[in-house]
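Undergrad: Need coordinates for the following:
(one chain, ligands or ions: 3)
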Amino acid sequence: MKPVSVGICGLGTVGSGTFNILKRNAEKISGRIGRDIVVTQVGARRDNPACDLTGVDVTRDIFDVAKNPNVDVVVELIGGYDVAKELVLTAIEHGKHVVTANKALIAVHGNEIFAAAEKKGVTVAYESAVAGGIPIIKAIREGLAANDIDHLSGIINGTGNFILTEMSQKGRDFGDVLKEAQELGYAEADPTFDVEGIDAAHKLTILASIAFGVPLQFEKAYTEGISKVTPQDVKFADELGYRIKHLGIAKLTQDGVELRVHPTLIHESQLIAKVDGVMNAVAVHGDAVGDTMYYGPGAGSEPTASAVIADLVDLARTFDADSNARPAHLGFQPESINNIGVLPVEEIETSYYLRMEVQDHAGVMAKLTQILSDRGISIEAMMQKEAKGGSSNATVVLLTHEVKEKVMNEAITEIEAFDDVSGSVTRIRAEHSE
Ligand SMILES: NC(=O)C1=CN([C@@H]2O[C@H](COP(=O)(O)OP(=O)(O)OC[C@H]3O[C@@H](n4cnc5c(N)ncnc54)[C@H](O)[C@@H]3O)[C@@H](O)[C@H]2O)C=CC1
Ligand SMILES: N[C@@H](CC=O)C(=O)O
Ligand code: NA
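TA: Residues are numbered from 1 along each chain as shown. Ligands and ions are numbered 1, 2, ... in the order given. Here you go, the predicted structure:
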């Protein structure tokens, strides 16, 4: 069978990994699909010393690749929004399939890109865009196709999990670990995307769409980063038997879709609490299958390239077939996608970890518990730490049962107005069942 001809745009961390694995494992890959996958052209600003480009046509203009009549599939690995969008739309216009690792592009412009691809009868594949090397798109879109999926949650940013793990297990400094994640090729070009939860929200947006059959609605996702998680909170959570993880949570409720990324306390007995370093994990619940969980490396050159090539293999297998032979872009046929809205964060219901500084005298605890019980908020655990050196201050940590966020907001406002509480209350959401 005729080889499938690939053009790679961007030869950085993921691009170089893709190029090198295609070369190293060429025989295994073609043995699996019965045809070769050949890199015909590379579009890169500069050569990458990690890749031997002998015999490959190299261009400095990535749009040459998108328009090259000898290229069947364009692999977009440059990242970013604008140029990447133009590149992908140009490739589609020229009748090429596209493989991309760019979750920002898919989460923000995916509805438009998929519509253009469907009109042209080509496919835009994006397995590597979510949870790196874990085949989570395939698992949900194909493996769980029988199910009515009502919730999923996961650690879906490798850089953030690496930072939290190193901080909690080795007491390392936030900035120092972030620098290492950048050197290891885990972080986004702008690492605030990792630490502020934007990257995880891009991925969660995609997962929610393919799991629930709803449009991509990134702009409505609630996003909170890990930059304000302190070593003190990591330690107190640990004493209560919890780990702090940066979780993406999506739920399909009767009132709408919950779509939120934030630091979350998870009980140490939960599987997801044990997912450390650059590893990611996604838990998905379907009505037929029950609870499932998918684990693996969430970032890095070859783990991500592994997923890029999985998409190339899928395309090569169905290359001569009608586009209906491939799964619908968002897992459901476009006419079966339901326009269900995203719930404001005030409407979500969850448990909370609260930390506050109080005057250490009689009646303070009674007043705090009264403020909470007035709103029907019950307390699961409580801890008081006396300040050292004879100060009259103490730190109080509370873990509550589930309550609506807007009710908790009112309680926090009243606690902060209480004279015996100094400064603001630190609040971290907690999940008991994940
Ligand atoms: N690094 C990782 O672990 C993962 C990255 N991704 C995604 O993969 C994509 C690529 O990421 P990395 O390889 O890490 O980034 P990178 O920064 O290492 O590589 C991007 C490459 O594209 C080149 N490039 C950018 N604009 C260009 C243009 N206009 N013309 C020619 N070359 C251009 C850059 O010079 C660079 O060599 C991004 O969308 C990222 O979000 C997805 C999963 C994991
Ligand atoms: N920066 C991302 C890369 C993979 O998507 C991460 O750290 O997870
Ligand atoms: Na993946």
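Undergrad: For the stretch 51-200 of the chain, what lies in contact range of ligand 3?
TA: Residues of the stretch 51-200 of the chain found near ligand 3 (CB under 5 Å from the ion) are Glu127, Val130, Ala131, Ile134, Ile136. Heads up, the C-betas are built off the backbone N, CA and C, glycines and all.
Undergrad: In the chain, what residue comes closest to ligand 1?
TA: Gly12 (1.9 Å; CB to the nearest ligand atom).
Undergrad: Who wins on neighbours among the residues of the stretch 51-200 of the chain next to ligand 3?
TA: Tallying neighbours with other CB atoms under 10 Å puts Ala131 at the head of these, with 34 neighbours.
Undergrad: my read: that one touches Ala299, true?
TA: No. Counting by CB atoms under 8 Å, Ala299 is not a contact partner of Ala131; they are 9.1 Å apart.
Undergrad: any residues in contact with both of these two?
TA: Here Ala131 and Ala299 have Asn280 as joint contacts, going by CB atoms under 8 Å, 6 or more residues apart in numbering.
Undergrad: re the thing from before, and the residue of the chain closest to ligand 1, what does it touch?
TA: Asn48, Leu77, Gly79.
Undergrad: so what pLDDT did the last one get?
TA: It refers to Gly79. pLDDT for Gly79: 98.
Undergrad: number of nearby residues for Ala115?
TA: Ala115 has 12 nearby residues by other CB under 10 Å.
Undergrad: Compute the distance between the spatially closest residue to it that is not a sequence neighbour and Pro69, please.
TA: Of all residues not flanking Ala115 in the chain, Pro334 sits nearest, at 7.6 Å (CB to CB, 6 or more residues apart in numbering). The gap separating Pro334 from Pro69 is 29 Å, by CB to CB, to the nearest Å.
Undergrad: Of those two, which one has the most company?
TA: Pro334 (13 against 9).
Undergrad: So which residues on the chain come close to ligand 1?
TA: 10-15, 43-45, 62, 77-79, 83, 101-102, 128-129, 132, 185-186, 188-189, 299-300, 304 (CB under 6 Å from any ligand atom).
Undergrad: Only whichever of these are buried, select them in ChimeraX.
TA: Entered in ChimeraX, the line below selects the buried ones among the residues of the chain next to ligand 1, by 16 or more other CB atoms under 10 Å:
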select :10,11,12,13,14,15,43,44,62,77,78,79,101,102,128,129,132,185,186,188,299,300,304
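Undergrad: Restricted to helices, list the residues of the chain next to ligand 1.
TA: Thr13, Val14, Gly15, Ile62, Val83, Thr304 (DSSP state H).
Undergrad: could you show me where the strands are in the stretch 151-300 of the chain, in order?
TA: 222-223, 242-252, 257-267, 279-286, 290-297 (DSSP state E, counting those that start in this stretch).
Undergrad: Do any residues in the last one lie close to ligand 3?
TA: No. Residues of strand 290-297 contacting ligand 3 under CB under 5 Å from the ion: none, with a closest distance of 8.1 Å.
Undergrad: how far is that strand from where the chain is centred?
TA: Relative to its chain's centre, strand 290-297 lies at 14 Å (CA atoms, centre = their mean, to the nearest Å).
Undergrad: give me the low-pLDDT residue ranges for this protein?
TA: For the chain, residues meeting the criterion pLDDT under 70 lie at 390, 433-434.
Undergrad: Show me what from it comes close to ligand 2.
TA: Gly132, Asn157, Gly158, Thr159, Tyr186, Ala187, Glu188, Asp194, Asp199, Gly298, Ala299.
Undergrad: Export these as TSV, with columns for distance to Arg243.
TA: Below are the residues of the chain next to ligand 2 laid out as TSV (distance: CB to CB, whole Å):
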residue	distance to Arg243
Gly132	21
Asn157	16
Gly158	16
Thr159	17
Tyr186	20
Ala187	22
Glu188	24
Asp194	19
Asp199	20
Gly298	17
Ala299	20
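Undergrad: Mean neighbour count added to the strands of the stretch 151-300 of the chain, as CSV?
TA: Listed next are the strands of the stretch 151-300 of the chain as CSV, based on neighbours: other CB atoms under 10 Å:
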stretch, mean neighbour count
strand 222-223, 20
strand 242-252, 24
strand 257-267, 24
strand 279-286, 24
strand 290-297, 16
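Undergrad: Distance to Val345 added to those strands, as a markdown table?
TA: Putting those into a markdown table (distance: least, CB to CB, whole Å) gives the following:
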| stretch | distance to Val345 |
| --- | --- |
| strand 222-223 | 4 |
| strand 242-252 | 11 |
| strand 257-267 | 6 |
| strand 279-286 | 21 |
| strand 290-297 | 25 |
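Undergrad: Quick check: which of those is nearest to Met1?
TA: Met1 lies closest to strand 290-297 among those, at 30.7 Å (CB to CB).
Undergrad: Where do the helices of the stretch 301-434 of the chain begin and end?
TA: Ranges of helices in the stretch 301-434 of the chain, per DSSP state H, counting those that start in this stretch, are 301-317, 364-373, 405-417.
Undergrad: highest average neighbour count across the ones you listed?
TA: helix 301-317 (a mean of 23; mean count of other CB atoms under 10 Å).
Undergrad: is any part of that helix close to ligand 3?
TA: Yes. Using CB under 5 Å from the ion, helix 301-317 reaches ligand 3 at Ala307.
Undergrad: Okay, angle between that helix and strand 290-297 too, please.
TA: 120 degrees (axes from the mean of the first three to the mean of the last three CA atoms, to 10 degrees).
Undergrad: What's the nearest residue in the stretch 1-150 of the chain when you look at ligand 2?
TA: Ligand 2 sits closest to Gly132 of the stretch 1-150 of the chain, with a gap of 5.1 Å, by CB to the nearest ligand atom.
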